[in-house]
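S.K.: Please work out how this folds:
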Amino acid sequence: MSSVLKAYVYDVKPNNLFAKPFKEILKDLSSMLDDVGGNGNIRILDTYKGKETSIWFDSFDYEKDFSRDEILQDSVCFLLAKDMDFSIIEDKEKEELGSYTGNSKIRPKIPSHCIYLPSQDILIVENNTNAATISTIKRGITNALRGYKGDLLFSPKLKENIIEILYLFLEKIESIDLCDLKLHKYLSNPEDSDGNLLSIITNPNSQFKATLQIKQNDSTIKSKVVDYFREILEGKVEQELSNIKIKYKNEKNEKETANLYDNLVFLNIEKEHYYDDISGLEENERIGYSKSIYKALIEEFISKAL
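M.R.: Numbers count the residues shown, from 1 in each chain. The predicted model follows:
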């Protein structure tokens, strides 16, 4: 079987002088969440909107195995497992539909593999539909460790060569979408006999998406958009737009849309990954499967970061 692995990449930075390294926080979290009482609540990181997310510290639990692996030995790998939302199930033997009434101690989970690279202060979080996210991690740490008060900042990692990428698109741009354009800032007290439309346009709570159709030979406006975007990245101007999207023709002359913040600005990972059927994995087989995910994400990050 194969699927496309997707992951978000975050810079991990201290928010104050007394902040612990993230690796130490994870070790504290591992000790704190160990099931001392024996009541079956093994390492529950977070409970949110009725869904539990458990955390499995694979690098700590299988320390010898991970330390021998050249790719994994300098990383901290952990798995987030969030309750799967079952609203209805099919019983093929009874030929009927009904609700899930399985063993409360056995829960279907959505996995999200995470890797922290201490040498680069990078956190990689696998992106699966309805899976745990960076918000789950931050909320879980805050709730579990009382002394922790947002000591670390998790920021989406920017691509190093974003401006070069934008200029590569320059000549192929056909239109540009400016999302949540605040027109009221650029219209000075217009007066109108009717006034209803203008009052809507100039209302600070009104949000607009403006589509600029660009003539193919008009490189001036294209360059201005890239320059504006560069000024945002360099902090020279305020980031007013929630997003910028460009429509262009690729090398096959096919129309495509690039979401600048997701596709071009932030460093995300996508990699095709081959694996066996995981539906019946035992724990020793599960760790082998997870190791293959961790390694694939690290290798893809290294190839993109270089």
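S.K.: C-alpha only now, for contacts and for neighbours.
M.R.: Will do.
S.K.: For the host helix or strand of residue 137, which residues meet the burial criterion?
M.R.: Taking DSSP states H and E as the definition, residue 137 sits inside helix 134-144. Along helix 134-144, these residues count as buried under the neighbour rule (16 or more other CA atoms under 10 Å): 134, 136, 137, 138, 140, 141, 142, 144.
S.K.: who are the neighbours in contact with the nearest residue to the fourth one once chain neighbours are set aside?
M.R.: Looking back up the chat, that one is residue 138. With CA to CA, 6 or more residues apart in numbering as the measure, residue 150 is the residue that lies nearest to residue 138, at 7.9 Å, once sequence neighbours are left out. Neighbouring residues of residue 150 by CA atoms under 8 Å, 6 or more residues apart in numbering: 15, 138, 142.
S.K.: Distance check, the first one against residue 246.
M.R.: As defined by CA to CA, to the nearest Å, residue 15 lies at a distance of 35 Å from residue 246.
S.K.: So what sits opposite residue 248 in the bridge?
M.R.: residue 173, residue 256 (DSSP bridges).
S.K.: In contact with it, which residues?
M.R.: Shown in contact with residue 248 (CA under 8 Å, 6+ apart): 169, 172, 173, 174, 175, 255, 256, 257.
S.K.: now swap in residue 303 and tell me
M.R.: Neighbours of residue 303 in contact, by CA under 8 Å, 6+ apart: none.
S.K.: Can you list the buried residues in the helix or strand in which it is found?
M.R.: Under the criterion DSSP H and E, the helix or strand holding residue 303 is helix 283-305. Neighbour-count burial for helix 283-305, with 16+ other CA under 10 Å as criterion, is recorded at 289, 290, 291, 293, 294, 295, 296, 297, 298, 301.
S.K.: what mean pLDDT would you report for it?
M.R.: Along helix 283-305, the predicted confidence averages to a pLDDT of 89.
S.K.: cool, and stretch 180-196?
M.R.: pLDDT averaged over stretch 180-196 equals 61, rounded to a whole number.
S.K.: Kindly report the same for stretch 236-247.
M.R.: With pLDDT averaged residue by residue, stretch 236-247 scores 72.
S.K.: mind checking the end-to-end distance for it?
M.R.: From start residue to end residue, stretch 236-247 stretches across 26 Å - CA to CA.
S.K.: same question, stretch 212-223
M.R.: By CA to CA, the extent of stretch 212-223 from end to end equals 13 Å.
S.K.: for that stretch, the distance to its chain's centre please.
M.R.: 32 Å (CA atoms, centre = their mean, to the nearest Å).
S.K.: which residues are in contact with that stretch?
M.R.: Among residues not part of stretch 212-223, those counted as contacts by CA under 8 Å, 6+ apart are 170, 171, 172, 173, 174, 175, 176, 177.
S.K.: I'd like these as JSON lines, with neighbour count, pLDDT and distance to residue 49 appended.
M.R.: JSON lines is the format used below for the contacts of stretch 212-223 (neighbours: other CA atoms under 10 Å; pLDDT from 0 to 100; distance: CA to CA, whole Å):
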{"residue": "170", "neighbour count": "18", "pLDDT": "76", "distance to residue 49": "44"}
{"residue": "171", "neighbour count": "16", "pLDDT": "77", "distance to residue 49": "47"}
{"residue": "172", "neighbour count": "18", "pLDDT": "78", "distance to residue 49": "45"}
{"residue": "173", "neighbour count": "24", "pLDDT": "79", "distance to residue 49": "43"}
{"residue": "174", "neighbour count": "21", "pLDDT": "81", "distance to residue 49": "43"}
{"residue": "175", "neighbour count": "18", "pLDDT": "81", "distance to residue 49": "40"}
{"residue": "176", "neighbour count": "21", "pLDDT": "79", "distance to residue 49": "38"}
{"residue": "177", "neighbour count": "17", "pLDDT": "82", "distance to residue 49": "35"}
